[in-house]
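Participant: heads up, no residue letters with this:
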């Protein structure tokens, strides 16, 4: 068999394995992309009815409510489905002059629903009776909702009936706060979403020590338009106004102090709109000796608790990860979600859904993110990989919806200090190779940490720049992103990086302490003494459909798990660290090890870690 035929056979193996495993890096990960809205036609049937109750939601300030949707259809079929649209009016009168690449005629429906469900989801005899009731969960998203009945399945949808409108009592209310570390250790940022532009209301945070005097800090406001998007579907059927994104900077915090806060908007008439009350614990001083607990994972995405929008197994993964973190929130101090945040892939409404999902976590502890291919990559926009993985978002959503302490959020690399930890977060969607701007940042981040004060040095990025036994990397023969460790391993070694974390591959894997493809320590459960290599960890099982491992056995791979999960790091003091891998399904520990190390062990010279010495005296 010639080389070309061998390659074709291997590619067929990839496609087959991906189809089975559902690897979102190669298969469409956005359920809304299954709907061919550009083919939708109007087939209103006067005998069909859709009714949603209650019509007014959030009467007690709730941001999440359940709605009952009753439908009757004289001509039911098994592929009928209900789409939830917001705003409630979604016909051609709301379309822009040009939508997407459709040249022959404008579509009759110019937006995708925010979620969908089969009519027979909880009504097995719907196709016989034409009667069904669905319970659907809505979140406050700045506009009203309607529920549309379609026949013709997903590929040839025909609009049969539309319900009454449903809305929240204040659709513009401030919602879904996201905490993040500021540019200094004693600064916390709070980002949230509302329907109020700054010409309608003044955004601020009212905050202060728990039980103490409260003060107010103003917030800045950002948004973006359809023209900010780089391509379809973000510019076309996936577009939905993102609302207004506000960020306030809370400064001069006392280390480890508890603070309470409320989001506020002062309207032009002098009245106020408030969120509910939240609280957080301020970050420890860099080098502070205290119990510090860190969560790390990638590739989580979002899921719907009502069972809608489901076809890629997100519900057990994404929701279980979220729920386990909420359950253990009193034992978590900071979270790192290292890329592939929502898998919105150009369907803007899904960012609201995601920030609602993580609100119990992100409102209480810093929720730090990294940029992944599903946030940034788009043809001809400067991303290192020329793919369409972002669905036309080209980084705009991630850069606006979340704050990170980067000098330029369009270049999504940054450092942050948390007590005894220094985190260096890279952006694999921009060039990291030696001589680049990002490479210089990475070296500066690693070089400027005082290891006597901050012994735990962590590198994190989305794509695997270190080691992975994932099927596709193994097929390439690289077992990592090409040019990854070749460019960076001398920095990891020189500056003695303890742990390097990656997502992108949707599974869990831990390597031995390694340098130049060689295990430099034979231990598996406890590491002590001289620090002589970096442990690389793939922790991409946050929620997106899982990625298979190769059948090849790699000598550097200590532990593998084809399941959903996350990592927890617990620093007890300057010389003792506990690493735990937990499954999202039950929160139990399935892989762990400890590190015991003193400062002299970090200073000790090993291969390529120390500068040349001199005999001069």
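Facilitator: That came through fine. Bear in mind that the values here come from a model prediction, so they are computed numbers and not experimental data.
Participant: And residue 423, how far from residue 445?
Facilitator: 9 Å (CB to CB, to the nearest Å). Using the backbone N, CA and C atoms, a C-beta is placed for each residue, glycine as well.
Participant: Equivalent analysis for residue 560, please.
Facilitator: Counting by CB to CB - residue 560 and residue 445 are separated by 29 Å.
Participant: out of those two, which sits in the busier spot?
Facilitator: residue 445 (22 against 18; other CB atoms under 10 Å).
Participant: quick one: secondary structure of the more buried one?
Facilitator: Following DSSP: H, G, I helix; E, B strand; the rest coil, the label given to residue 445 is helix.
Participant: which residues does it contact?
Facilitator: 415, 422, 424 (CB atoms under 8 Å, 6 or more residues apart in numbering).
Participant: what touches both of residue 423 and residue 445?
Facilitator: residue 415.
Participant: the strands in the stretch 101-250 of the chain, which residues?
Facilitator: All strands of the stretch 101-250 of the chain, identified by DSSP state E, counting those that start in this stretch, fall at 115-118, 131-139, 146-151, 158-162, 167-168, 175-181, 188-194, 201-209, 215-222, 244-250.
Participant: How about the stretch 301-450 of the chain?
Facilitator: Along the stretch 301-450 of the chain, counting by DSSP E, counting those that start in this stretch, strands occupy 334-338, 367-370, 414-418, 421-425.
Participant: ok, residue 189 touching residue 402?
Facilitator: No - the criterion here is CB atoms under 8 Å, and residue 189 misses it with residue 402 at 9.6 Å.
Participant: so what sits against both of the two?
Facilitator: What both residue 189 and residue 402 touch, as defined by CB under 8 Å, 6+ apart, is the set residue 180.
Participant: Looking at the two, which is more packed in?
Facilitator: Taking other CB under 10 Å, residue 189 and residue 402 do not tie; residue 402 has more neighbours (25 against 22).
Participant: quick one: that one and residue 338, what's the gap?
Facilitator: From residue 402 to residue 338 the distance is 13 Å (CB to CB).
Participant: same check, this time on residue 542
Facilitator: 9 Å.
Participant: list the residues that contact both of these two?
Facilitator: 297-298, 503.
Participant: ok, the closest residue in space to residue 525 that isn't next to it in sequence - contacts?
Facilitator: Distances taken as CB to CB, 6 or more residues apart in numbering place residue 593 nearest to residue 525, at 4.9 Å, with adjacent residues excluded. By CB under 8 Å, 6+ apart, residue 593 lies in contact with 524-527, 579.
Participant: out of these, which is most surrounded?
Facilitator: Neighbour-wise, the contacts of residue 593 (other CB under 10 Å) top out at residue 527, 23 neighbours.
Participant: wait, that residue sits on residue 592?
Facilitator: No - here residue 527 does not reach residue 592: they are 12.0 Å apart, not a contact under CB under 8 Å.
Participant: possible to save the contacts of residue 445 as a markdown table with pLDDT, neighbour count and distance to residue 583?
Facilitator: Below are the contacts of residue 445 laid out as a markdown table (pLDDT from 0 to 100; neighbours: other CB atoms under 10 Å; distance: CB to CB, whole Å):
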| residue | pLDDT | neighbour count | distance to residue 583 |
| --- | --- | --- | --- |
| 415 | 98 | 19 | 30 |
| 422 | 98 | 26 | 28 |
| 424 | 98 | 25 | 28 |
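Participant: Which one of those residues is nearest to residue 227?
Facilitator: Distance to residue 227, by CB to CB, is smallest for residue 415 among the contacts of residue 445, at 32.9 Å.
Participant: Return the set of residues that bridge with that closest one.
Facilitator: residue 424 (DSSP bridges).
Participant: Is it in contact with residue 426, as I believe?
Facilitator: No - contact criterion CB under 8 Å: residue 415 and residue 426 do not qualify, at 10.1 Å.
Participant: follow-up on the earlier one: which one of the strands of the stretch 301-450 of the chain lies closest to residue 79?
Facilitator: That would be strand 334-338 among these, by CB to CB, at 35.6 Å.
Participant: Report the inter-axis angle for that closest one versus strand 175-181.
Facilitator: Here strand 334-338 runs at an angle of 100 degrees relative to strand 175-181 (axes from the mean of the first three to the mean of the last three CA atoms, to 10 degrees).
Participant: Okay, residue 143 and residue 59: tell me how far apart.
Facilitator: 18 Å.
Participant: So for the two, which residue has more residues nearby?
Facilitator: Per other CB under 10 Å, whichever of residue 143 and residue 59 has more neighbours is residue 143, with 21 against 11.
Participant: quick one on the thing from earlier: gap between the residue nearest to residue 525 and residue 526?
Facilitator: Residue 593 is 6 Å from residue 526, by CB to CB.
Participant: got it, and residue 273?
Facilitator: 54 Å.
Participant: on that earlier part again, could you redo the shared contacts of residue 542 and residue 338 as a markdown table and give each row secondary structure?
Facilitator: A markdown table is the format used below for these (three-state DSSP):
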| residue | secondary structure |
| --- | --- |
| 297 | strand |
| 298 | coil |
| 503 | coil |
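Participant: What are the contacting residues of stretch 384-391?
Facilitator: By CB under 8 Å, 6+ apart, the list of residues contacting stretch 384-391 reads 25, 30, 33, 230-234, 238, 344-347, 373-380, 428-432.
Participant: end-to-end on it?
Facilitator: Taking CA to CA, to the nearest Å, stretch 384-391 runs 16 Å from one end to the other.
Participant: Throw the strands of the stretch 301-450 of the chain into TSV and include distance to residue 321, thanks.
Facilitator: Compiled in TSV, the strands of the stretch 301-450 of the chain are given as follows (distance: least, CB to CB, whole Å):
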stretch	distance to residue 321
strand 334-338	10
strand 367-370	13
strand 414-418	21
strand 421-425	20
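Participant: Residue 65 is nearest to which of these?
Facilitator: strand 367-370 (24.1 Å).
Participant: For the closest one, which strands pair with it and how are they oriented?
Facilitator: Counting by DSSP bridges, strand 367-370 is paired with strand 334-338 (parallel).
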